[in-house]
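> Sequence and predicted structure, then a few things I'm wondering about:
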Amino acid sequence: MRSRSAARTPALTIPGLPGVVLGGAGYAGLFRPVGAAAAREALNNAWQTGIRAFDTAPHYGAGLGEERLRPFLRGRERADYWVCTKVGRLLHDDPLAVDGTDGFYGTPKRSRRRDYSALGVRRSLTDSLARLGVEHVDMLLVHDPEDYLEQALRSAVPEMVRMREQGLTAGIGVGVNTVETALRFVREAPIDCVLIAGRYTLLDRRAEAELLPECARRGIAVLAGGVLNSGILADPRSRTTFDYQDAESQVLARARDMARVCADYGVPLRAAAMQFPRRHSAVTAVVLGAGTATEIADSLLMLNTPVPEQLWHDLGCA
């Protein structure tokens, strides 16, 4: 087995805009259908603005996210971009598949089946490479293994280590919404990266106490996703979804209080929300959820909006 440091070095080399990864769920139809032309425009816009890192998964649009990356990446120098995908769900053609399943719309007629076995994750990556049109990925993550934790740790991870040794991926890790699961992988598996979604945000800082310091001590990269907490931190006056469901009243009140504080400084709440995770030294990059060209342009504007230090203090983030 290669040493963790040997595996980690190429995995953490993310070209393009420092600290920015484009997530693949948005242009794969999360919450609303996105046409092929709009997805192509979004990806081209991302490239033109300097984004070179892309996070996707079979789960995103039942393979549609990966399939939309394929023509976009075709013809580009492999060293010029960084791509991450995930294992844990196998896809099957299914004429009875219902549009909107798992929140994705306008997707191919496919169903998903959880599989964290060695054979399952090997097949998953093989299928993903075919959909992406590449020979290897830069990062491979176990996706949402909370309910399959022991199988993921005992079967999926050793097979992912073998695939890392074989050059099919430069690094391995876990992509989750729960801090406890991420900590199990950090402490028990030879991983290079954690993608933690929604747990290091202005509204939810559960990753701050143990996960981020533990990753920093072990030299494990951290990608912070879900930084808008499913939309509530974009604009809590009109978006009241937190963690993929209706926000509780106290959460909504906190978000609206933060929006008022930001407004006093002339700063959009979403600018503070997108920039907040990058203030922590353990966070390698923020994963943007933007799915259209307009959303990508706005995200980059927010990431570059000046935020006074006093505002961070008033938000309790100093």
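Perfect, thanks for sending it.
> use CA for all of it now, contacts and neighbours both
Fine.
> I figured Ile196 hits Asn229, correct?
No - the criterion here is CA atoms under 8 Å, and Ile196 misses it with Asn229 at 11.8 Å.
> from memory Leu212 sits against Thr284, does it?
No - judged on CA under 8 Å, Leu212 makes no contact with Thr284 at a distance of 10.7 Å.
> what touches both of these two?
Here Leu212 and Thr284 have Val222 as joint contacts, going by CA atoms under 8 Å, 6 or more residues apart in numbering.
> how much space between the residue sitting furthest away from the middle of the chain and Trp312?
Ranked by distance from the centre of the chain (CA atoms, centre = their mean), the top residue is Asp264, with 31.0 Å. The spacing between Asp264 and Trp312, counted by CA to CA, to the nearest Å, is 12 Å.
> ditto for Phe242
According to CA to CA, Phe242 stands 22 Å off from Trp312.
> now do Ala216
Distance, Ala216 to Trp312, using CA to CA: 23 Å.
> and if you look at Leu91?
In terms of CA to CA, Leu91 sits 43 Å off from Trp312.
> same thing with Ala285?
Using CA to CA, Ala285 is found at 19 Å from Trp312.
> Between the two, point out the one with more neighbours.
Neighbours per residue, other CA atoms under 10 Å: of Ala285 and Trp312, the larger number sits with Ala285, 21 against 15.
> Which secondary structure state is assigned to the more buried one?
strand (DSSP: H, G, I helix; E, B strand; the rest coil).
> Run through the bridge partners of it.
Beta-bridge partners of Ala285, counted by DSSP bridges, are Leu223.
> pretty sure it is touching Gly16, no?
No - using CA under 8 Å, Ala285 is not in contact with Gly16, being 11.6 Å away.
> Report the spatially closest residue to Leu168, excluding sequence-adjacent ones.
Nearest residue to Leu168, sequence neighbours excluded (CA to CA, 6 or more residues apart in numbering): His136, at 4.5 Å.
> Tell me who's in contact with the one you found.
By CA under 8 Å, 6+ apart, the contact set of His136 is Leu129, Gly167, Leu168, Thr169, Ala170.
> again, only this time at 7 Å
Listed by CA atoms under 7 Å, 6 or more residues apart in numbering, the contact set of His136 reads Leu129, Gly167, Leu168, Thr169.
> Repeat that for Tyr148.
Per CA under 7 Å, 6+ apart, neighbours of Tyr148: none.
> Give me the pLDDT value at it.
You'll see Tyr148 listed with a pLDDT of 98.
> try Ala11
49.
> all helices for the stretch 1-150 of the chain, in order.
Using DSSP state H, counting those that start in this stretch, the helices of the stretch 1-150 of the chain run over 4-11, 36-48, 64-73, 118-132, 149-151.
> which residues does Phe242 bridge with?
With DSSP bridges as the rule, Phe242 is bridged to Gln245.
> what's the spacing between it and Gln48?
Per CA to CA, Phe242 is found 31 Å from Gln48.
> Next: Asp102.
Taken as CA to CA, the span from Asp102 to Gln48 is 31 Å.
> Tell me the secondary structure of Leu311, please.
Leu311 carries the three-state label helix when classified by three-state DSSP.
> for the protein, what helix or strand is lowest in average pLDDT?
Each helix and strand of the chain was given a mean pLDDT (mean pLDDT, DSSP states H and E); the minimum falls on helix 4-11 at a mean of 40.
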